[in-house]
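1. based on what follows, work out the 3D shape:
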Amino acid sequence: MNTPERVVLGTDHAGFALKEAVKAHLIAKKIDIIDCGTFSDAEVDYPPIIRKAAEAVLEYGCPGIVFGGSGNGEAMVANKVHGIRCARCVSLWDAEMARRHNNAQMMSLAGRVTDGKLACEMADLFLVTPFDGGRHEKRLQQFPDVES
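-> Purely as a prediction, here's the structure:
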(Lines give C-alpha, C1' and ligand atoms only; values in the text may rest on other atoms or scores of the structure.)
Protein backbone atom coordinates (compact mmCIF):
# COMPACT_ATOMS: atom_id res chain seq x y z
CA MET A 1 0.00 0.00 0.00
CA ASN A 2 1.32 3.40 -0.89
CA THR A 3 0.97 6.36 1.42
CA PRO A 4 -2.56 7.72 1.06
CA GLU A 5 -3.14 11.15 -0.44
CA ARG A 6 -5.62 12.09 2.28
CA VAL A 7 -6.12 11.28 5.98
CA VAL A 8 -8.96 12.19 8.34
CA LEU A 9 -8.10 13.34 11.86
CA GLY A 10 -10.31 13.92 14.87
CA THR A 11 -9.77 14.48 18.57
CA ASP A 12 -11.06 15.76 21.84
CA HIS A 13 -9.17 18.20 24.05
CA ALA A 14 -7.03 15.47 25.66
CA GLY A 15 -5.67 14.36 22.30
CA PHE A 16 -5.36 17.81 20.76
CA ALA A 17 -1.58 18.23 21.19
CA LEU A 18 -0.89 14.76 19.79
CA LYS A 19 -3.23 15.36 16.85
CA GLU A 20 -1.40 18.56 16.04
CA ALA A 21 1.98 16.77 16.13
CA VAL A 22 0.77 13.99 13.82
CA LYS A 23 -1.00 16.52 11.59
CA ALA A 24 2.20 18.55 11.10
CA HIS A 25 4.12 15.34 10.38
CA LEU A 26 1.61 14.24 7.73
CA ILE A 27 1.40 17.69 6.13
CA ALA A 28 5.20 17.67 5.83
CA LYS A 29 4.78 14.44 3.85
CA LYS A 30 2.38 16.29 1.50
CA ILE A 31 -0.69 14.40 2.76
CA ASP A 32 -4.00 16.27 2.57
CA ILE A 33 -5.64 16.45 6.00
CA ILE A 34 -9.35 16.52 6.75
CA ASP A 35 -9.38 17.83 10.31
CA CYS A 36 -12.69 17.19 12.04
CA GLY A 37 -11.61 18.98 15.20
CA THR A 38 -11.30 19.88 17.91
CA PHE A 39 -9.11 22.89 17.30
CA SER A 40 -7.90 23.70 20.82
CA ASP A 41 -7.31 22.09 24.17
CA ALA A 42 -10.55 23.53 25.56
CA GLU A 43 -12.71 20.80 27.06
CA VAL A 44 -15.12 19.22 24.59
CA ASP A 45 -17.14 16.01 24.33
CA TYR A 46 -15.55 13.61 21.86
CA PRO A 47 -18.45 11.48 20.52
CA PRO A 48 -19.76 13.98 17.91
CA ILE A 49 -16.24 14.77 16.67
CA ILE A 50 -15.23 11.12 16.38
CA ARG A 51 -18.47 10.23 14.63
CA LYS A 52 -17.84 13.02 12.13
CA ALA A 53 -14.31 11.69 11.55
CA ALA A 54 -15.51 8.11 11.05
CA GLU A 55 -18.20 9.26 8.62
CA ALA A 56 -15.57 11.28 6.73
CA VAL A 57 -13.40 8.15 6.42
CA LEU A 58 -16.31 6.41 4.72
CA GLU A 59 -17.22 9.44 2.60
CA TYR A 60 -13.71 10.08 1.31
CA GLY A 61 -12.55 6.45 1.24
CA CYS A 62 -9.35 7.28 3.09
CA PRO A 63 -7.86 6.23 6.42
CA GLY A 64 -8.37 8.10 9.66
CA ILE A 65 -6.65 8.64 12.97
CA VAL A 66 -8.47 9.75 16.09
CA PHE A 67 -7.03 10.85 19.40
CA GLY A 68 -8.17 11.12 22.99
CA GLY A 69 -6.81 10.83 26.49
CA SER A 70 -6.70 7.03 26.41
CA GLY A 71 -8.01 6.51 22.89
CA ASN A 72 -10.45 3.92 24.20
CA GLY A 73 -13.67 5.92 24.01
CA GLU A 74 -12.71 7.30 20.63
CA ALA A 75 -12.21 3.79 19.22
CA MET A 76 -15.55 2.72 20.72
CA VAL A 77 -17.41 5.62 19.11
CA ALA A 78 -15.75 5.12 15.73
CA ASN A 79 -16.63 1.44 15.80
CA LYS A 80 -20.30 2.33 16.26
CA VAL A 81 -20.31 3.85 12.76
CA HIS A 82 -21.44 1.05 10.45
CA GLY A 83 -18.61 -0.10 8.22
CA ILE A 84 -15.77 1.25 10.35
CA ARG A 85 -13.08 -0.82 11.99
CA CYS A 86 -11.03 1.32 14.38
CA ALA A 87 -8.16 -0.11 16.42
CA ARG A 88 -6.74 1.48 19.55
CA CYS A 89 -2.99 1.28 19.11
CA VAL A 90 -0.25 1.71 21.68
CA SER A 91 2.69 0.21 19.77
CA LEU A 92 4.10 -0.15 16.29
CA TRP A 93 3.03 -3.80 16.33
CA ASP A 94 -0.56 -2.76 17.09
CA ALA A 95 -0.56 -0.27 14.22
CA GLU A 96 0.80 -2.84 11.78
CA MET A 97 -1.56 -5.65 12.84
CA ALA A 98 -4.58 -3.33 12.78
CA ARG A 99 -4.02 -3.03 9.04
CA ARG A 100 -2.40 -6.36 8.20
CA HIS A 101 -4.90 -8.62 9.98
CA ASN A 102 -7.98 -6.45 10.59
CA ASN A 103 -7.97 -4.10 7.60
CA ALA A 104 -8.77 -1.25 10.01
CA GLN A 105 -9.54 2.04 8.32
CA MET A 106 -8.96 3.97 11.52
CA MET A 107 -6.51 4.02 14.37
CA SER A 108 -7.08 5.55 17.80
CA LEU A 109 -4.17 6.96 19.81
CA ALA A 110 -3.83 7.95 23.47
CA GLY A 111 -2.78 11.56 23.86
CA ARG A 112 -2.04 11.24 27.56
CA VAL A 113 0.41 8.33 27.22
CA THR A 114 1.79 8.32 23.66
CA ASP A 115 4.63 10.64 22.75
CA GLY A 116 4.67 12.50 19.46
CA LYS A 117 7.60 10.60 17.94
CA LEU A 118 5.97 7.21 18.51
CA ALA A 119 2.59 8.51 17.32
CA CYS A 120 4.14 9.70 14.05
CA GLU A 121 5.92 6.37 13.58
CA MET A 122 2.66 4.49 14.24
CA ALA A 123 0.80 6.74 11.80
CA ASP A 124 3.41 6.14 9.10
CA LEU A 125 3.28 2.37 9.60
CA PHE A 126 -0.51 2.25 9.77
CA LEU A 127 -0.87 4.27 6.59
CA VAL A 128 1.44 2.13 4.44
CA THR A 129 0.75 -1.37 5.75
CA PRO A 130 -1.35 -3.49 3.38
CA PHE A 131 -4.12 -5.88 4.38
CA ASP A 132 -2.94 -9.49 4.17
CA GLY A 133 -6.34 -10.84 3.13
CA GLY A 134 -6.49 -14.64 3.03
CA ARG A 135 -7.63 -16.19 6.29
CA HIS A 136 -8.19 -12.70 7.71
CA GLU A 137 -10.70 -11.82 4.97
CA LYS A 138 -12.85 -14.79 5.96
CA ARG A 139 -12.93 -13.51 9.53
CA LEU A 140 -13.79 -9.94 8.56
CA GLN A 141 -16.72 -11.23 6.50
CA GLN A 142 -18.16 -12.62 9.72
CA PHE A 143 -18.29 -9.23 11.46
CA PRO A 144 -21.90 -8.49 10.39
CA ASP A 145 -22.93 -11.80 11.97
CA VAL A 146 -22.07 -10.44 15.41
CA GLU A 147 -23.60 -6.99 14.89
CA SER A 148 -27.14 -6.74 16.18
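
2. below-threshold pLDDT in this structure: ranges please.
-> Applying pLDDT under 70 to the chain picks out residues 1, 145-148.

3. all strands for this protein, in order.
-> With strands called from DSSP state E, the chain shows them at 6-11, 32-35, 64-68, 86-88, 106-110.

4. from those strands, which stretch is densest packed?
-> Sort the strands of the chain by mean neighbour count, taking mean count of other CB atoms under 10 Å, and strand 64-68 sits at the top with a mean of 31. (Each C-beta comes from the backbone N, C-alpha and C, glycine too.)

5. can you list the strands that that one pairs with?
-> Using DSSP bridges, strand 64-68 pairs in its sheet with strand 6-11 (parallel), strand 106-110 (parallel).

6. show me what contacts Gly69?
-> Asp12, Ala14, Gly15, Ala110, Gly111, Arg112 (CB atoms under 8 Å, 6 or more residues apart in numbering).
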